[in-house]
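In: okay, sequence plus prediction incoming.
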Number of protein chains: 2
Amino acid sequence: MPSPRPAVPRITDVAALAGVSTSTASKALNDTGQLREETRARVRRAAEQLGFTPDSRGRALSSGRSYTVGLITTDSSGRFSIPIMLGAEDALSAGEMALVLCDTRDDPLRESHYLKSLVSRRVDGIIVTGRRTEPRAPIDVPIPVVYAFSPSTDPADTSVMVDDHGGAASTVRHLLTLGRQRIAHVTGPATHRSAVVRAAATVSTAGDALVAEPLHGEWSERWGRHAVDVLLRTTDVDAISCGSDQIARGVCDRLRELGRAVPDDIAVTGYDNWSVMALASRPPLTTVDLQLEQLGRRTAQLLLEMIGGASSSGLLELPTELIPRESTLGT
Amino acid sequence: MPSPRPAVPRITDVAALAGVSTSTASKALNDTGQLREETRARVRRAAEQLGFTPDSRGRALSSGRSYTVGLITTDSSGRFSIPIMLGAEDALSAGEMALVLCDTRDDPLRESHYLKSLVSRRVDGIIVTGRRTEPRAPIDVPIPVVYAFSPSTDPADTSVMVDDHGGAASTVRHLLTLGRQRIAHVTGPATHRSAVVRAAATVSTAGDALVAEPLHGEWSERWGRHAVDVLLRTTDVDAISCGSDQIARGVCDRLRELGRAVPDDIAVTGYDNWSVMALASRPPLTTVDLQLEQLGRRTAQLLLEMIGGASSSGLLELPTELIPRESTLGT
DNA sequence: AGGTTCAAGGAAAACGTGTTCCGTATGTTT
DNA sequence: AAACATACGGAACACGTTTTCCTTGAACCT
């Protein structure tokens, strides 16, 4: 016996108090059907008085929709997934939709478990997101799905991703505009798609101003510091464009240690606008904001449209925003 | 007309295929009731064949439970809320419970909106968490609630928090064990409970070894760097215990710039085990791990117990773990 | 043989809502 | 005055499951 009954009022209670039938009460509360305004008001008053909140389980069953979407992330602890989640949640909550969180921790077993759970909950749609920008295998469910950040390998699926090419190009154009002529690029592993894409954009945008092959290493401050040593040993540069804020911060630290002024001697750009790196760096970093929260919002909107019946819209690349700071502009 | 019907099989379809009634099918699939094993197997085969997944909306309505819990966070972008979320989600998913995410962004309006939504969804329970350790006003719902990280002001509510006193004390004991005799403490704003609690623990544990009043400032690397200047101007210290890894990193940076060796001249401890700070610091920081994921898991377990009928268990403080690294041990 | 017990499975109700269909009263038109 | 449209509101059903009874037949005991 699980307690005598929480005594939460149902619509029949409201109807009884208002002296109408349940169907009338339902119409009154949902602004449907043909009712006198006076009746509507009476029902609303009754609902108010009882503190009635409609049970969405009943509504879900009756309407065929659950007003819920699932968010599957392979790694929600990553700093990329989180803003996406928040943006999506924000856009969804505006439409009275709830978001259920599923962190697969990169485990295929967990993923299929969650998928089953979401299907069983008759979720209206699913958002799939990951930590990296490499395309991932699509999931197989009879529900609208949108991929965010890491697109589906199937181009017919709807995917929303960051325009990494444009982002990297914008930093280079920024450096060129400032008159820099001897640019180097330091970035992450050549096995990471984002590093490769950004490097390619840098190469093609910088043209003759690029004075060295892109340097690939790990996404760390340590690599940034080390790369400076490697670079200055052989090359004379006036700008270093980095593949991440973390690398850029390492670059700045090492340059300072070597007595090279940033940006007077060498300008530095980061990537990601990870505030804890970009703002704490000395000097603060000019960088590229990925607009991930916006990406999450856009993803949710697309999903809502698909739930509404729209067909897949293929791959969508969202613009980034260049954030100029002292590491290129000076004080 | 919303498409001719997704044609997802219902339990009646399974029952029909197996040649039994729906009630029998239900019993077979849930391992309840009295059925021949052969019948059970037949029903299971039919379900398998049809790819049947029970509709949890129906189950929710029938069982009176939604198998869902809500997570209300005032700021899910914070690095504290996230591990808590993940831990909770992990513990809940093991029990076939889903977690719906609600980020209030510190807006009371949004909070009440979400509360209404969760109540309407007949969530089985709610987890409330925040960015800071200050107690917060309890929420008023007829559902089990557990507060995580930021406890409820009502001591009768169930709250799970970090043992900040013990955490700070452990760093000081660590320093004393290493033979340090002249300890200073640099931490965050005196308006922050966590700073005050950690400072008090430091004072009472260090005793005579504390050579200066705790220094309060902001939670930033910059303040850490500045505090070193302030401190060394008047005092001779052989250890600095910091209120956060961010501050500790700033302290280390400044000490290095001043040519003071860490830890040989001065040992440094951080707090939070925020890997991006603690590991990137030079040298890596001895620090206190808050075990937030464990805290999230424990919170979820308590909530499940309360959903199961257990009564509130008041305030619970979870232990932290000291992580020794080079900033006190050397290489 | 007649009664009791038990396994097996079906019929029906319950959960809470939304919606379709239908009856009634009221007012309007010829 | 009769025919008719319309506003209003109620009865019934649907959504998909679980669970509580109830029926049936067989085995068992005295």
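Out: On my side now, so go ahead. The structure displayed is predicted, hence computed values, not measured ones. Residues are numbered from 1 along each chain as shown, chains lettered A, B, ... in the order given.

In: only C-alpha atoms from now on, for both contacts and neighbour counts.
Out: Will do.

In: so what touches stretch A:71-90?
Out: Residues from elsewhere that reach stretch A:71-90, judged by CA atoms under 8 Å, 6 or more residues apart in numbering or on different chains: A:98-107, A:111, A:114, A:126-131, A:148, A:292-300, B:76-77, B:82-83, B:86, B:101-103.

In: mind redoing it with 6 Å?
Out: Contact with stretch A:71-90 is made by A:101-106, A:126-130, A:292-293, A:296-297, A:300, as judged by CA atoms under 6 Å, 6 or more residues apart in numbering or on different chains.

In: just the C-alpha atoms of that stretch, please, in CSV.
Out: C-alpha atoms of stretch A:71-90 as CSV (Å, rounded to 0.1, in the frame of the first residue of the first chain):
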residue,chain,number,x,y,z
LEU,A,71,19.2,13.9,-26.2
ILE,A,72,21.8,11.3,-26.8
THR,A,73,25.3,12.5,-26.2
THR,A,74,28.4,10.3,-26.4
ASP,A,75,30.1,12.5,-23.8
SER,A,76,28.2,15.2,-22.0
SER,A,77,31.1,16.1,-19.8
GLY,A,78,32.8,17.7,-22.8
ARG,A,79,32.7,21.4,-23.0
PHE,A,80,31.2,21.2,-26.5
SER,A,81,28.2,19.1,-25.7
ILE,A,82,27.1,21.3,-22.8
PRO,A,83,26.3,24.5,-24.5
ILE,A,84,24.5,22.5,-27.3
MET,A,85,22.4,20.8,-24.7
LEU,A,86,21.5,24.1,-23.0
GLY,A,87,20.6,25.7,-26.3
ALA,A,88,18.4,22.8,-27.3
GLU,A,89,16.8,22.7,-23.9
ASP,A,90,16.1,26.4,-24.1
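
In: for the record, mean pLDDT for that stretch?
Out: Mean pLDDT, taken over the full extent of stretch A:71-90, equals 90.

In: so how far is it off the chain centroid?
Out: Centroid separation between stretch A:71-90 and its chain, computed with CA atoms, centre = their mean, to the nearest Å, is 6 Å.

In: follow-up on the earlier one: return the subset of the contacts of stretch A:71-90 lying in helices.
Out: Those of these mapping onto helices are A:292, A:293, A:296, A:297, A:300, per DSSP state H.

In: highest neighbour count among these?
Out: Using other CA atoms under 10 Å in any protein chain shown as the neighbour test, the ones in helices among the contacts of stretch A:71-90 are led by residue A:296, with 29 neighbours.

In: who are the contact partners of it?
Out: Applying CA under 6 Å, 6+ apart to residue A:296 gives the contacts A:84, A:87, A:88.

In: the host helix or strand of the second one to helix B:81-94, inter-axis angle?
Out: Using DSSP states H and E, residue A:87 maps to helix A:81-94. With axes from the mean of the first three to the mean of the last three CA atoms, to 10 degrees as the criterion, the two stretches helix A:81-94 and helix B:81-94 enclose an angle of 70 degrees.

In: name the nearest residue to the most centrally placed residue in chain A, ignoring sequence neighbours.
Out: Among the residues of chain A, the one closest to the centroid is residue A:84, at 2.1 Å (CA atoms, centre = their mean). Among residues not flanking residue A:84 along the chain, residue A:296 sits closest, at 4.1 Å (CA to CA, 6 or more residues apart in numbering or on different chains).

In: residue A:256 now?
Out: Nearest to residue A:256 is residue A:262, by CA to CA, 6+ apart, at 7.6 Å.

In: wait, isn't residue A:153 in contact with residue A:134?
Out: No: the pair residue A:153 / residue A:134 is not scored as a contact, 8.9 Å apart, by CA atoms under 6 Å.

In: neighbour-wise, which of these two wins?
Out: The neighbour count for residue A:153 versus residue A:134, taken as other CA under 10 Å, is higher for residue A:134 (16 against 13).

In: assign that one to helix, strand or coil.
Out: Under DSSP: H, G, I helix; E, B strand; the rest coil, residue A:134 falls in the coil class.

In: check the one 5 residues further on too.
Out: Local secondary structure at residue A:139 is given as coil here, using three-state DSSP.

In: tell me how many other residues surround residue A:258.
Out: By other CA under 10 Å, 11 other residues sit near residue A:258.

In: against DNA strand C, how distant is it?
Out: Separation of residue A:258 from DNA strand C (CA to the nearest atom of the strand, to the nearest Å): 68 Å.

In: could you check how far that residue is from residue A:156?
Out: According to CA to CA, to the nearest Å, residue A:258 and residue A:156 sit 51 Å apart.

In: re earlier: report the buried residues of the helix holding residue A:87.
Out: Across helix A:81-94, burial judged by 16 or more other CA atoms under 10 Å in any protein chain shown covers A:81-93.

In: out of the contacts of stretch A:71-90, who's nearest DNA strand D?
Out: Nearest to DNA strand D out of the contacts of stretch A:71-90 is residue A:126 (CA to the nearest atom of the strand; 19.5 Å).

In: who's in contact with that closest one?
Out: A:69, A:70, A:71, A:145.

In: next, the closest residue to residue A:164 other than its chain neighbours: phi, psi?
Out: Excluding its sequence neighbours, the residue lying closest to residue A:164 (CA to CA, 6+ apart) is residue A:198, at 6.1 Å. Dihedral pair for residue A:198: phi -70, psi -40, per degrees, to the nearest 10.

In: and chain A, which of its residues are near DNA strand C?
Out: Residues of chain A that fall close to DNA strand C, judged by CA under 7 Å from any atom of the strand: A:10-12, A:22-24, A:26-27, A:29-30, A:32-33, A:53-59, A:61-63.

In: give the contact list for the residue of chain A found nearest chain B.
Out: Proximity of chain A to chain B (CA to the nearest CA) peaks at residue A:100, 4.2 Å away. The contact partners of residue A:100, by CA under 6 Å, 6+ apart, come to A:70, B:99, B:100.

In: and the residues you listed, which of them are in strands?
Out: A:70, B:99, B:100 (DSSP state E).

In: closest one of those to residue A:38?
Out: residue B:100 (37.7 Å; CA to CA).

In: how about the nearest residue to that closest one, chain neighbours excluded?
Out: residue A:100 (4.2 Å).

In: centre of the chain to the host helix or strand of residue A:327, how far?
Out: Residue A:327 belongs to helix A:326-329 when assigned by DSSP H and E. Remark: helix A:326-329 is offset 27 Å from the chain centroid, using CA atoms, centre = their mean.

In: what does stretch A:97-115 give?
Out: 16 Å.

In: what distance separates the start and the end of that stretch?
Out: 19 Å.

In: low-confidence ranges, the stretch 151-300 of chain A, go.
Out: Under the criterion pLDDT under 70, no range of the stretch 151-300 of chain A is flagged.

In: quick revisit: of the contacts of residue A:100, closest to residue B:205?
Out: So of the contacts of residue A:100, ranked by how close each gets to residue B:205 (CA to CA), first place is residue B:99, at 40.4 Å.

In: ok, the closest one - how many residues close by?
Out: For residue B:99, the neighbour count with other CA under 10 Å is 27.

In: same thing with residue A:38?
Out: The local packing of residue A:38 (other CA under 10 Å) involves 10 other residues.

In: now it: which helix or strand?
Out: For residue A:38, the enclosing helix or strand under DSSP H and E is helix A:37-50.

In: does that helix come close to DNA strand D?
Out: Yes: residues of helix A:37-50 contacting DNA strand D under CA under 7 Å from any atom of the strand: A:37, A:39.

In: how far off centre is the following helix or strand past that helix?
Out: Using DSSP H and E, the helix or strand that follows helix A:37-50 in sequence is helix A:56-63. Averaging C-alpha positions (CA atoms, centre = their mean) puts helix A:56-63 30 Å from its chain's average.

In: what's the angle from helix A:56-63 to helix B:56-63?
Out: Taking the same axes, to 10 degrees, one finds helix A:56-63 and helix B:56-63 inclined to each other by 130 degrees.
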